[in-house]
Every structure is written in structure tokens, then in C-alpha cells.
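# Sequence and predicted structure below; questions after.
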Amino acid sequence: MRKLILAAALLGVTALAPADERVHEQVLDNGLKVIVKEDHRAPIVTSQVWYKVGSSYEHGGLTGISHALEHMMFKGTERHGPGKFSEIISANGGDENAFTSRDYTAYFQSLAKDRLAVAFELEADRMRNLTLPAAEYAKEIEVVKEERRLRTEDSPTALTAERFSATAYLASPYRNPVIGWMSDLDALSVDEVRAWYRTWYAPNNATLVVAGDVDPQQVFALAARYFGPLKAERTGVSKPRAEPPQDGIKRVLVKAPAKEPYLIMGYKATQAGGAGPDWEPYALEMLASILDGGSSARLDRELVRGSEVAASVDADYNAFTRLPEMFSLDGTPGKGHSVGDLEQALRVQVERIKNEPVSPGELERVRNQVIASKVFEQDSVFYQAMQIGQLESVGLSWRLADQYVKRLSAVTADQVQAVARKYLTDDNLTVAVLAPQPMNGKQPRTDAPGDVHVLR
């Protein structure tokens, strides 16, 4: 469920002050973009390196290669052997991790501010000097395959989400699972991973984001010292692979051992910077929050606590993606109700929002909640850096983060109704249903479906 802070009405829009004066940007001669955001509330810093490559850059036969390479980034360079990266960060009192998504792969460290050079030295080293030993790869690809078994094949909801995406998208690379298809993982070679690394892991295809108690000029000097000597690379070119128009409802039935049925309904929509009017993604975000913005929102109030047709239900949309995004509804039917009952109830909610404008009071309440959640997210230095990295990695500007509240504040009831009528149609709809099969003593995993796979 979209987690919002209900005390938000007490906060004005001005609570989220523009960050322009605290954000500083510089591009090194080799093309590496360095963005620094000052936040002096605590003597800590987060350092993040974002590469513009993920599963949506992959093609048939190579799915999962970006995620496999993420694993191998911890397996040593010429200077630092396998596992040394994590050992050094830990010895310096920091923590680190990485993740792969459809649109990017990111690596991050959180440390005391006087330890930033340690993170820079290590990240610069593995940006160009990874050794990718065959023996380490042979072991690690088996770890990746086991991760796929645990996170997808043994999780009925995640498996349904994977089949849903593969059915919904005909040409868009968003049909690729981030972790890859098992047959591709079986066939993937260390030489292919080496080639992928050389093609995409270069300073001119990366963004370095630093947020925390730092002096921007000192950060730029450190970046020039450690990353400046790295050579730019002629990186790969991502083909458009535009999704053709859909001409009717698509349906997929997934049979898997499970305790409960599960439903996903997804409508092809748009994204920030897409072909439609620039207000549409923000209206879609408001629409998602009207439906699923906490216990007082429509889906929870009317379907879970009201008719009890749903045991749980969610609405989701992300405006900031590289390619056109999906507006999705998903849930589990309540006791005594079927998946068909839940689908029909969700359809009623969709038609209602198309035909009845949202009242000024409801729109204002939801808007305040959404804005408040964004205000409180700024308490996290890590999240501030994440927001910058995500926007830059999908081809947008970090400045959109400063415009976000203003854009949401400008959304009208007519615009919410307009995007519902335009995008929430049967010709844009894909429906996936999980049909539970006998468990035979097997306990399903309950990992929530999602497009980001965390490494460790």
C-alpha cells in the first residue's frame, strides 16, 4: 500500500524548500557527471554510483546479465581481491550495497564524512579494473540462479508478476525480468559479462551522487582525483523498441502452489518526459493515491473494510521511468469472494473515477498526504541521493525533484478524470490471475513482486 503520512495537512507546500542552492553539479572531462547535495544535519555522507544500464537494455539470450554483473562487481579487481571491497568499507565503519532495476544499476556506501575518499577509491577502481575471474563467475552465477528460484519461482505472487509483465509488453524491454530467464542464465558466459562490463561501465555512462555533510568543492576535487584518470568508453546504444498499441484485453492464468489467489490488473500509461502533456504523469500519481493512499483511500475503505471483497488491494504508478510505465492494481480477494469478484469491484472503482470528478475536499486531502510523504522523505540523506540518481539515470534532470510538489499541487480534478479516461481502458489492460494449486507440503515465499533486485 502506498505509505503516506496522515498528519500531512499540517504541513504547507513550502515545507519542501527548493534544493537548488544545496545541489551542485560538475561534469569531468571523461564525461562522469558528479552531483553533490549538501545536508549538514549529521556528519555522515552517502556516495552512490549509478550506471545507465539495467534489464531494459538487454535483449534475447542476455536477460539477467546486468544483475549478474552487479554480483561480480564484488569479486575483485587487480588491486583488491574478492570480497575486499566490502571488508574495507566495513573496516571504515560504513555499510554498502547495490541493486539492479529495469533502468539502471547502482552501488552505494554510507560512511562518516571523513571516509568519503575510501568509497571513491574503491568505486573508481572497479569502474574500469574488474578482473571477472572465470572461477568466481562459475560460483556466482549459481548464486544468481538460486536467487531466481527463491525470489521468483518459489514466490507465487512474484511469479505471477513476472508472467504479467511478459504478457503485457509485446516489444518493450520492460517485459524482461530483472533477474533474467533461467535459460538465459544457464547459457550466460563470463565472456559475455566481460563484454557487457566494458560496454556500459564507463565514466561517461555513469552519475556519481554524493549527499550529506560535505563541501561541494572538496567532493569535486576528490572525484577528479580518483575518477578523473579513467578513460571514457564508446558505450552501447539502446534501441527504442517502442511498444505497439494494444488492441484489447490480454489475460494470463498462472498455476502455482499457493494458499490464496492473486490478481494483477495493469493499464499501459505514460511517464515523465513521455509523449503526452507534461501534467499527465502527475495526475496519474494523484489518481493512484486517491485509490490507494492509506486507510482512508477508496480501495481500502470500500473494498477491504467496506464490502470485504478484498483482503488486500493496492494501486501503483511510477512517473519517473525511462520507458512508458504501467498503472497497476493488484490484490487478494476476501473470504468468500473470488478473483472475478475482486476484478469487478476494481472495475467499478475505475469507472467511478472516470465518470465522477473527484471532490475538491478529497483531492486536497490526498494532495496534502502525498506532499507530506515527500517532505518527510527528505529526512533521509540516502533517499535524497537516490532521488537524484534515479532521475538522472532515466534521462531526466535532478531538478524535477524540486518541481515535484509544485506539479502535484497544480493537478486538478478534471486532469485526474482525463488520465483515467485516456489510459484506464480495456484496450490498454492486461489481467493476470494466480490460480492456487495444491501445496503438497510446500510453503510459498511471500516476497512482494517488484522490479528491483537487491544483491545482499
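Perfect, I can see it now.

# C-alpha from now on. contacts and neighbour counts both.
Will do.

# ok, now which ones touch the closest residue in space to residue 355 that isn't next to it in sequence?
Nearest-residue entry for residue 355: residue 417, 7.5 Å, with adjacent residues in sequence omitted and distances by CA to CA, 6 or more residues apart in numbering. Residues counted as contacts of residue 417 (CA atoms under 8 Å, 6 or more residues apart in numbering) are 353, 354, 355, 356, 357, 358.

# And residue 417, which helix or strand is it part of?
Residue 417 belongs to helix 413-423 when elements are defined using DSSP states H and E.

# State the distance from residue 32 to residue 201.
Residue 32 sits 11 Å away from residue 201 when distances are taken as CA to CA, to the nearest Å.

# cool, residue 48 as well?
As judged by CA to CA, residue 48 and residue 201 stand 14 Å apart.

# Between those two, tell me which one has more neighbours.
Taking neighbours as other CA atoms under 10 Å, residue 48 and residue 201 compare with residue 48 leading, 27 against 22.

# So the more buried one: helix, strand or coil?
Secondary structure, DSSP: H, G, I helix; E, B strand; the rest coil: residue 48 is strand.

# That one against residue 212, yeah?
No - here residue 48 does not reach residue 212: they are 11.7 Å apart, not a contact under CA atoms under 8 Å.

# confidence score at residue 60?
Here the pLDDT value assigned to residue 60 is 85.

# burial count for it?
10.

# Could you shift the numbering so residue one becomes 39, and keep it that way?
All set: I'll call the first residue 39, so the last point we hit is now residue 98.

# residue contacts, it?
Residues touching residue 98, when contacts are defined by CA under 8 Å, 6+ apart, are absent altogether.

# Check which helices and strands the helix or strand harbouring residue 472 sits against.
Following DSSP H and E, the helix or strand that holds residue 472 is strand 467-475. For strand 467-475, the elements it packs on are helix 194-206, strand 288-295, strand 300-306, judged by 3 or more CA pairs under 8 Å, 6 or more residues apart in numbering; DSSP states H and E.

# Sort out which residues of the second one are buried, please.
By neighbour count on 16 or more other CA atoms under 10 Å, the buried set for strand 288-295 is 288, 290, 292, 293, 294, 295.

# Please parse this protein into its domains.
58-264, 288-484 (automatic domain parsing).

# Could I get those in TSV, plus columns for distance to residue 275?
Supplementary listing: those in TSV, determined by distance: least, CA to CA, whole Å:
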stretch	distance to residue 275
domain 58-264	9
domain 288-484	14
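
# ranking these by mean pLDDT, which is last?
Per-segment confidence across those bottoms out at domain 288-484, which has a mean of 94 in mean pLDDT.

# Report the distance from that one to the chain centre.
Centre-to-centre, domain 288-484 and its host chain are 14 Å apart (CA atoms, centre = their mean, to the nearest Å).

# cool, and stretch 88-97?
From the chain centre to the centre of stretch 88-97 is a distance of 12 Å (CA atoms, centre = their mean).

# Pull up the distance across that stretch, start to finish.
By CA to CA, one end of stretch 88-97 lies 21 Å from the other end.

# tell me which residues in it are buried?
In stretch 88-97, counting by 16+ other CA under 10 Å, buried: 88, 89, 90, 91, 92, 93, 94, 95, 96.

# isn't the last one right next to residue 211, touching?
Yes - under the criterion of CA under 8 Å, residue 96 makes contact with residue 211 at 7.3 Å.

# quick one: residue 200 and residue 218 touch, right?
No - in this structure, residue 200 sits apart from residue 218 without contact. The criterion is CA under 8 Å, and the distance is 10.2 Å.

# neighbours around residue 171, how many?
Residue 171 has 16 neighbours, counted by other CA under 10 Å.

# separation between it and residue 400?
Using CA to CA, one gets 58 Å for the distance from residue 171 to residue 400.

# Over to residue 71?
Relative to residue 400, residue 71 is positioned 41 Å away (criterion: CA to CA).

# who has more neighbours, those two?
residue 71 (21 against 13).

# bridging residues for the more buried one?
According to DSSP bridges, residue 65, residue 245 are recorded as the beta-bridge partners of residue 71.

# isn't it right up against residue 63?
Yes - with contact defined as CA under 8 Å, residue 71 counts as touching residue 63 (7.3 Å).

# At which residues are the helices of the stretch 139-288 of the chain located?
Listed in chain order, the helices of the stretch 139-288 of the chain (DSSP state H, counting those that start in this stretch) span residues 154-166, 172-186, 194-206, 220-225, 228-238, 254-264.

# Ok, which of these comes nearest residue 75?
Put simply, out of these the one that sits nearest residue 75 is helix 254-264, at 7.7 Å, with distance taken as CA to CA.

# what comes into contact with the closest one?
Contact with helix 254-264 is made by 62, 64, 66, 72, 74, 75, 76, 155, 158, 159, 162, 248, as judged by CA under 8 Å, 6+ apart.

# Now, of those residues, which are buried?
Buried positions within those, assessed by neighbour count (16+ other CA under 10 Å), are 62, 66, 72, 74, 75, 76, 155, 158, 162, 248.

# Give the burial count for residue 393, as a bare number.
Applying other CA under 10 Å, we find 12 other residues in the vicinity of residue 393.

# One more: the one 4 residues further on?
The local packing of residue 397 (other CA under 10 Å) involves 9 other residues.

# I'd like to check which residues are in contact with residue 336.
If you count contacts by CA under 8 Å, 6+ apart, then residue 336 has 328, 329, 330 around it.

# Now flag whichever of these is closest to residue 184.
For the contacts of residue 336, the nearest to residue 184 is residue 330 (33.9 Å; CA to CA).

# Correct me if wrong: the closest one contacts residue 341.
No - because the distance of 10.9 Å does not satisfy CA under 8 Å, residue 330 is recorded as not touching residue 341.

# Looking at the two, which one has more neighbours?
Using other CA under 10 Å, the more surrounded residue of residue 330 and residue 341 is residue 330, with 25 against 21.

# and residue 466, what does it touch?
When contacts are counted by CA under 8 Å, 6+ apart, residue 466 is found next to 284, 285, 286, 287, 304, 305, 306, 307.
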